[in-house]
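1. Structure for this input, please:
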Amino acid sequence: MKIRKILICILITQTLFYTSIRVTGSERNVLHNFLDAFMHGNLNYAKSLLGPDVLLPEIRENTPITRIQTLPSPHKNTKVLIGYFKKEEISKGNFIQRIAFIWEVKIDKNKISQIIIVADGSNPFMNEPINQFKVKYGKELLVPAYFPFSVTHVVSIMNDRDFIWIYKNSSKSLKIAVYSCQRSSKKVSSFTLKNKKEVELHKTVNGYQIDFCESRIHYQVELSDINKDEIKVKKELIHVVESMLP
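-> From the prediction side, this is the model:
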């Protein structure tokens, strides 16, 4: 993941600081028509503008793409396309706009002759902060092996005080926050998991939260679902936490 991010940064830097090679008017028209068809969902026409061996990359998420930025490339007859998903509210008043994709598109003889996928933002687990935590603190984080819903994206919040990541879709979220084990949790009831690990369990607004310590790291794992009954959410959260533990 770290290598991919470095490659993305290098590519964007190249597009901004290198002198781009001009494309012809006909090539600009091909790209314009392709983007117009793609944004309006006319995929058959978009595919008709591709060369015989070129496939249209799959967007594995239903979140609308609201804009595509076109950047120059240091390569001949090539453009860099950056697609953005619709802005989403991750907390009250705080919005993010995720990158859907970064493609390098080459145009040749009035056809798109190559599409290189530089980044695929519809792969939700790209944003898990596991590697960043390991680099910063030299420790491995526990992550779920089980998810009670289909994850469409992962939001990460990292600063000097907080290390939080949230697995989400349109109505459900699984939030994990980690701290030093010196951080005390609320006075709540204890609960013993199947592997005899003792954890703390308490109710939240739209679900439940479990607190536990492992390898001197304090985990807060919160499952929220506005559409489910409390008993089911509680059972699913326990299953999630059990899937995290060795």
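
2. Quick check on residue 231: phi, psi?
-> Backbone geometry at residue 231, expressed as degrees, to the nearest 10, gives phi -60, psi -40.

3. Look at it and report its pLDDT.
-> Looking at residue 231, its pLDDT is 85.

4. Count the neighbours of it for me.
-> Residue 231 has 9 neighbours, counted by other CB atoms under 10 Å. For glycine as for every other residue, the C-beta is placed from the backbone atoms N, C-alpha and C.

5. helices or strands next to the one helix or strand residue 221 maps to in the packing?
-> Using DSSP states H and E, residue 221 sits in strand 217-225. Applying 3 or more CB pairs under 8 Å, 6 or more residues apart in numbering; DSSP states H and E, one finds that strand 217-225 makes contact with strand 172-180, strand 207-214, helix 230-244.

6. Make a markdown table out of the ones you listed and add distance to residue 100.
-> What follows is the helices and strands packed on strand 217-225, written out as a markdown table (distance: least, CB to CB, whole Å):
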| stretch | distance to residue 100 |
| --- | --- |
| strand 172-180 | 20 |
| strand 207-214 | 28 |
| helix 230-244 | 27 |
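
7. Mean pLDDT lowest where, among the ones you listed?
-> strand 172-180 (a mean of 88).

8. Show me what counts as buried in it.
-> Of all the residues in strand 172-180, those buried under the rule 16 or more other CB atoms under 10 Å are 172, 173, 174, 175, 176, 177, 178, 179.

9. What is the nearest of these to residue 238?
-> residue 174 (12.7 Å; CB to CB).

10. so what's that closest one up against?
-> 144, 147-149, 151, 166-168, 221-224, 240 (CB atoms under 8 Å, 6 or more residues apart in numbering).

11. Go ahead and list the helix or strand containing the closest residue to residue 49 other than its chain neighbours.
-> Leaving out its chain neighbours, the residue that sits closest to residue 49 by CB to CB, 6 or more residues apart in numbering is residue 34, at 4.7 Å. Per DSSP H and E, residue 34 falls inside helix 25-39.

12. For that helix, give me every contacting residue.
-> Residues from elsewhere that reach helix 25-39, judged by CB under 8 Å, 6+ apart: 23, 43, 45-46, 49, 65, 68, 70, 77, 79, 81, 105, 107, 110-112.

13. just the strands in this protein please.
-> Per DSSP state E, the chain carries strands over the ranges 65-72, 78-85, 88-91, 94-96, 99-108, 111-120, 153-158, 163-168, 172-180, 189-192, 198-203, 207-214, 217-225.

14. quick one: which of these is nearest residue 236?
-> Nearest of the strands of the chain (CB to CB): strand 217-225, 6.1 Å.

15. That closest one vs strand 198-203, what angle?
-> If you take axes from the mean of the first three to the mean of the last three CA atoms, to 10 degrees, strand 217-225 sits at 30 degrees to strand 198-203.

16. and strand 217-225, what's its mean pLDDT?
-> 93.

17. Please apply the same query to stretch 98-108.
-> 90.

18. List the buried residues of it.
-> Under the neighbour-count criterion of 16+ other CB under 10 Å, stretch 98-108 has 98, 99, 100, 101, 102, 103, 104, 105, 106, 107 buried.

19. which residues sit in contact with residue 206?
-> Applying CB under 8 Å, 6+ apart to residue 206 gives the contacts 224, 225, 226.

20. The same query, at a cut-off of 6 Å, please.
-> Residues in contact with residue 206 (CB atoms under 6 Å, 6 or more residues apart in numbering) are 224, 226.

21. That's all I had, so thanks and see you.
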